[in-house]
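Student: Build the 3D model from these lines:
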Amino acid sequence: MPWKESVIMDERMKFIGRLLDGEKMTDLCQEFGISRKTGYKFWERYKSIGLGGLSDRTRRPMRYANQLPMQVEKTIVKIKKNKPSWGAPKIREILRRKYPEIKIPAKSTVHCVLDRHGLVKRRRRRRFKAQGTTLSNKPHPNDLWCTDYKGEFMLANRQYCYPLTITDFSSRYLLACEGIESTKMVHAFSVFEQIFSKYGLPKAIRTDNGLPFSSATSLFGLSKLSVWWLRLGIAIERIKPGCPQQNGRHERMHLTLKKEATKPPGENLLQQQEKFDKFIVEFNNQRPHQALAMKYPNELYKSSPRPYKGIGRLDYPFSDRIVTVTHCGRICIRKKKIHLSQAFAGQDVGIKEINDDIWQVTFMNYDLGFFDLEAGKFEPSEYPFIPERV
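Tutor: Predicted coordinates:
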């Protein structure tokens, strides 16, 4: 199968690949050291979601602007490396002369290609200093979820495992514990998309200030993951740096998880995931919680009434125009490029001229800040994503 060519040593994909080649479920489960229940779990994920359900390669919730065919992109990079002093306008003109039969990309698109390959010098941007946000005390299931990575640990095959966990704040219900191979953002997208599809959407999510939930170099500390949450109507809560006790309920679960599901570790990611799945069942359905008057989390939790339906297009009726943020995080207007943030890549923002060449930038119903065309510099407003306090 064509997709096998791109598979790196990932047990889940190898397992499903051999099933697709006609091997028996029972024999494969015995070889991989997992139960048939776990084997059928990944088989059903593959049938319903595809590759995104097997590994951490998911379809992206957002579509990025300014993407080109690979041949054109390689040509742009080659020209820049041969002529380092040339910028996007000259490179675009060379493309136009050399390839008159193709549609020539805009200068901003050429610039984004150069930026993506590290061929553009950037002005150093002031780092966002994380301070935490207002924290709520939500009384009902799905009012607030908490998420974090339990510290990485080494499996018996010497591969590291990074468990991504999600709990409901009110009921302590453990929604997910997925052992994945790194903390890259694409893996988190995959896990959250599966959990949103299964349980619906929460009103808010509480995290720390680390990747992939936040980014110190981004506007307001946002990451692409947190921007996606905002698009889904999920408020963001962040604890103060160095204060894990502000996510104390979740951290307490991690202590139990470490003791009961990681010692000894599994042989590989598949076996370790089976340990996590068993822990989830016991934690939610068989373990009385003293803080819940000795009830099980499953007795208190119910799925969210807000189903996951993906994201639609944004509308800005009170803005002068709608602009799609480029792949490298810029707003292009009147041949000017204003850097906003890569966290908003592919997102539509509204811009409105509030004075002569002074423009206000809006994302959803949040005012992000202002820029003037003469200076071409964006000035952020006060932190706008303040969650509602209960």
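Student: From here on, just use CA atoms for contacts and neighbour counts.
Tutor: Will do.
Student: Identify the residue spatially nearest to the residue most central in space within the chain, adjacent ones excluded.
Tutor: Taking Cα atoms, centre = their mean as the criterion, L225 is the residue nearest the geometric centre of the chain, at 3.2 Å. The shortest distance from L225 to any residue other than its chain neighbours is 6.2 Å, reached at F213 (Cα to Cα, 6 or more residues apart in numbering).
Student: Identify the residues contacting the residue nearest to the centre of the chain.
Tutor: Neighbour list for L225: M185, A188, F189, P212, F213 [criterion: Cα atoms under 8 Å, 6 or more residues apart in numbering].
Student: let's go with 10 Å and repeat that
Tutor: If you count contacts by Cα atoms under 10 Å, 6 or more residues apart in numbering, L225 has them with 61, 185-186, 188-189, 192, 211-214, 231, 343-344.
Student: and if you look at Q246?
Tutor: G132, L135, R206, T207, D208, R238, I239, K240.
Student: tell me, how many neighbours does the fourth one end up with?
Tutor: Residues lying near T207 (other Cα atoms under 10 Å) number 25.
Student: among the contacts of Q246, which are in strands?
Tutor: In strands, defined here by DSSP state E, the members of the contacts of Q246 are R206, T207, R238.
Student: so can I have JSON lines of the contacts of L225 showing pLDDT?
Tutor: What follows is those, written out as JSON lines (pLDDT from 0 to 100):
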{"residue": "P61", "pLDDT": "43"}
{"residue": "M185", "pLDDT": "88"}
{"residue": "V186", "pLDDT": "88"}
{"residue": "A188", "pLDDT": "93"}
{"residue": "F189", "pLDDT": "94"}
{"residue": "F192", "pLDDT": "97"}
{"residue": "L211", "pLDDT": "89"}
{"residue": "P212", "pLDDT": "93"}
{"residue": "F213", "pLDDT": "94"}
{"residue": "S214", "pLDDT": "92"}
{"residue": "R231", "pLDDT": "97"}
{"residue": "A343", "pLDDT": "95"}
{"residue": "F344", "pLDDT": "96"}
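Student: Just the closest of those to E353, please.
Tutor: E353 lies nearest to F344 out of these, by Cα to Cα, at 20.4 Å.
Student: phi, psi of the closest one?
Tutor: As for F344, its main-chain torsions (degrees, to the nearest 10) stand at phi -100, psi 10.
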